[in-house]
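J.: Sharing a model that was predicted from the sequence below.
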Amino acid sequence: MTLTIRPIGNAAPVQFAAIELQRYLERICPDASCEVEPVECYAPDDGPSLWLGTFDALADGGAPGPWPEVADPAIDDAVVIDVQAGSGILGGSNPRSVLLGAYRLLTECGCRWVRPGADGELIPSRSLEEVSANVREAASYRHRGICIEGAVSYENVADMIDWAPKVGMNAYFFQFRESYTFFERWYTHRGNPTIETEPFTVERAREYVRRAENEIVRRGLLYHAVGHGWTCEPLGIPGLSWDARTYDISDETRQLLAEVAGVRDIWQGIPLNTNLCYGNPEVRRLIIEDIAGYLEQHPSVDLLHFWLADGSNNQCECPLCRDTRPSDFYVMMLNELDRLLTQRGIASKVVFLVYVDLLWPPEHEHIANPDRFVLMFAPITRSYTEPFAAENVPNELPPFHRNQLAFPQDVGENVAFLRGWQDEFGGDSFDFDYHYMWDHFLDPGYHGMTRTLWADMRNLKEIGLDGLISCQVQRAFFPSGLGMTVMARTLWDDNSPLEEITRDYYSSAFGQDADEAGSYLASLSRLFDPPYLRGERPAGDAEAAQRLDQVPALVDAFQPTIDRNQQHPDPAVRASWRYLAYHADYCRLLARCLANRARGNREAAEAQWHEFAAYVQQIEPAVQPVLDVFECLQTLGGRLFGIRG
């Protein structure tokens, strides 16, 4: 049987959706062939046809609907799938949503993507008569994206961009102008002397970003860009990384830097962390002119992030600045930027950042055109032991004391700062959070943390946020992709039960022994005790030591199951167990190290830490797609032993 897939119109994501359906359906249905026939309008006939298009395109040709309602069809995602035996309609609120609908149809047919890359695909075998689905849904949240972090190859980024819409995500964020530092860490193999370094240049990073931009546009993903760097690049000082170095700057440029304790200089040798003299109109002009110029040169950017420095407690203390909150200067610049972009006919949205010193809302300034802006709440100092909630939120904020601020760890205190900004700004907003930046390394089972993650995603509406951009390592699938799947599924449908997502994921990733694998990973999470590893109890803890002592025996008992399943006939399931085999030794070594630390045996713990680090470095070629070794060792070594690099 031949199925004709008919994409309506020329939008790249709709055309790509047709190609993807052809590619996957021919793998799913070996008894069928698929051909793609682009058309200009919906005009059903009697043959087996699958029509793809936006709701408007389908409705124009007489398709009956009904279509889910969304606030803004250009940015909000909704899908309609009415397919029987491969024939019918597949529609979306915008071209990207059509692609999301294509992957949703494939998911309804039994496909699963348990991690990025070819070794994460589970493709069932079906007849074309079994390719059926009836779905009418709108996403629970507008913003569902991933931000580059950690150490990455181009392939890691491309695989993540490819994976994101398969699980319902809709955005990708390249930090900085060329994301140089994230690529450079991988290609020079920072933190892993066992792999030979290779030269890496800024131009090569730019080329990788250009290539990845094409993949973003092809899928219609919302493209977020830049963020940090606007406090140094407009002054001619590159903002490529957080590496400290000595800079030779002119007296003229020095006068534009923040004056802290009587000194104007690059803050601790890191331009990205350096604030400026925002009370100086020339500083503000340089920044907004540079942003406008960037947007003119990069029209594919949907949401441009304008952030201040990544440092904290280093705001300017000169007479022009010292009596005005940083957030007032920030809003002043946002308004100036909006006027300039309007004059130049630039429609891009601008994302502003509520973070560290900027947690305290403005006292005097007000955003003049809320429709231009999106608020991004970045609670980087929060704990992940408790999820967001609308309860237990203080009514008052701590006083603002310039350059003497303490930042909140309690979730309720963080939400109080958000509410302070929400009193000023009622426009679009999202959470920018770090579940998979560092915290997952403190839960080696990747299981326990998913409950907080799931609750966070469900509760975003309660605290007035419309989604998440996850600031994270791209390689966050060791030992599993459960949490990433929980994130994606719950952002699409905030009523998704955690137990159902967990059961489906483990069954897909681990096959017939899924229950045993899930129980094993849950036990690892319990024994490693993430709140203890987060530093929420003292390092010396006899009970923690006793729990950690149980890890090697748990791993040994499960080892035969791991060994047996490495011969599994499905390549994706086989890969899941292969990664678990490496993870088993990872857990044995880490638990012994941590148990000695918990007992106060510092010397033995440090010796075992180096043994653990050597093992992780050794296995990196085998686990590269799923484990960010650079960030793993930076995080665990730094937090547990003060060892970085």
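T.: Received, thanks.

J.: can you pull out the helices in the stretch 401-550 of the chain?
T.: Using DSSP state H, counting those that start in this stretch, the helices of the stretch 401-550 of the chain run over residues 411-422, 449-459, 482-492, 498-510, 514-528, 530-533, 542-549.

J.: Phe558: which of those is closest?
T.: Taking Cβ to Cβ as the criterion, Phe558 comes closest to helix 514-528 out of the helices of the stretch 401-550 of the chain, the separation being 4.9 Å. From N, CA and C alone the C-beta is placed, and that goes for glycine too.

J.: ok, and for that closest one, which residues are buried?
T.: Applying a neighbour-count criterion of 16 or more other Cβ atoms under 10 Å, the buried positions in helix 514-528 are Ala514, Ala517, Gly518, Tyr520, Leu521, Ala522, Ser523, Leu524, Ser525, Arg526, Leu527, Phe528.

J.: Need the winner for burial among the helices of the stretch 401-550 of the chain.
T.: Sort the helices of the stretch 401-550 of the chain by mean neighbour count, taking mean count of other Cβ atoms under 10 Å, and helix 482-492 sits at the top with a mean of 25.

J.: Now it - C-alpha only, PDB.
T.: Listed in PDB are the C-alpha atoms of helix 482-492, where the atom choice follows Å, rounded to 0.1, in the frame of the first residue of the first chain:
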ATOM      1  CA  LEU A 482      13.700   9.900  32.900                       C
ATOM      2  CA  GLY A 483      13.900  13.500  34.200                       C
ATOM      3  CA  MET A 484      14.300  15.100  30.800                       C
ATOM      4  CA  THR A 485      11.200  13.200  29.700                       C
ATOM      5  CA  VAL A 486       9.300  14.200  32.800                       C
ATOM      6  CA  MET A 487      10.200  17.800  32.100                       C
ATOM      7  CA  ALA A 488       9.000  17.700  28.400                       C
ATOM      8  CA  ARG A 489       5.900  15.700  29.100                       C
ATOM      9  CA  THR A 490       4.700  17.900  32.000                       C
ATOM     10  CA  LEU A 491       5.400  21.100  30.200                       C
ATOM     11  CA  TRP A 492       3.200  19.900  27.400                       C
END
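
J.: re the thing from before, looking at the buried residues of helix 514-528, which is nearest Ser480?
T.: Within the buried residues of helix 514-528, the smallest distance to Ser480 is 6.6 Å, found for Leu521 (Cβ to Cβ).

J.: Now do that closest one against Val486, distance only.
T.: For Leu521, the distance to Val486 equals 13 Å [Cβ to Cβ, to the nearest Å].

J.: can you give me the mean pLDDT across stretch 1-19?
T.: If you average the pLDDT over stretch 1-19, you get 96.

J.: Tell me, how many residues neighbour Ala85?
T.: The burial count assigned to Ala85 is 14, neighbours taken as other Cβ atoms under 10 Å.

J.: contacting residues around stretch 480-487?
T.: 114-115, 120, 167, 435-436, 440, 446-447, 449-450, 453-454, 457, 468, 470, 476-477, 498, 501-502, 505-506, 509, 521, 576 (Cβ atoms under 8 Å, 6 or more residues apart in numbering).

J.: my bad, stretch 588-600
T.: Counting contacts by Cβ under 8 Å, 6+ apart, the residues touching stretch 588-600 from outside are 444, 527-528, 532-533, 539-542, 544-545, 548-549, 551-552, 555, 602, 604-605, 608-609, 611-612, 615, 636, 640-641.

J.: Please repeat the previous calculation with a cut-off of 6 Å.
T.: Judged by Cβ atoms under 6 Å, 6 or more residues apart in numbering, the contacts made with stretch 588-600 from elsewhere in the structure are 540-541, 544-545, 548-549, 551-552, 555, 604-605, 608-609, 612, 615.

J.: what is the mean pLDDT for it?
T.: The predicted model gives stretch 588-600 an average pLDDT of 98.

J.: Using CSV, write out every CA atom in it.
T.: C-alpha atoms of stretch 588-600 as CSV (Å, rounded to 0.1, in the frame of the first residue of the first chain):
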residue,chain,number,x,y,z
ARG,A,588,30.6,1.9,43.4
LEU,A,589,33.5,4.3,43.3
LEU,A,590,31.6,7.5,44.1
ALA,A,591,29.8,5.8,47.1
ARG,A,592,33.1,4.6,48.7
CYS,A,593,34.6,8.1,48.3
LEU,A,594,31.5,9.8,49.8
ALA,A,595,31.2,7.3,52.7
ASN,A,596,34.8,8.1,53.8
ARG,A,597,33.9,11.8,53.5
ALA,A,598,30.8,11.4,55.6
ARG,A,599,33.0,9.7,58.3
GLY,A,600,35.5,12.5,58.3
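
J.: Show me this protein divided up by domain.
T.: 2-138, 143-508, 509-641 (automatic domain parsing).

J.: Using the three-state scheme, assign the closest residue to Ile161 other than its chain neighbours.
T.: With Cβ to Cβ, 6 or more residues apart in numbering as the measure, Glu215 is the residue that lies nearest to Ile161, at 4.9 Å, once sequence neighbours are left out. Of the three states, Glu215 takes helix according to DSSP: H, G, I helix; E, B strand; the rest coil.

J.: can you count the residues close to the nearest residue to Phe400 once chain neighbours are set aside?
T.: On the basis of Cβ to Cβ, 6+ apart, the spatially nearest residue to Phe400 that is not a chain neighbour turns out to be Trp360, at 4.5 Å. Burial of Trp360 is recorded as 21 neighbouring residues (other Cβ under 10 Å).

J.: what do you get for Asp162?
T.: Around Asp162 there are 17 other residues, counting by other Cβ under 10 Å.
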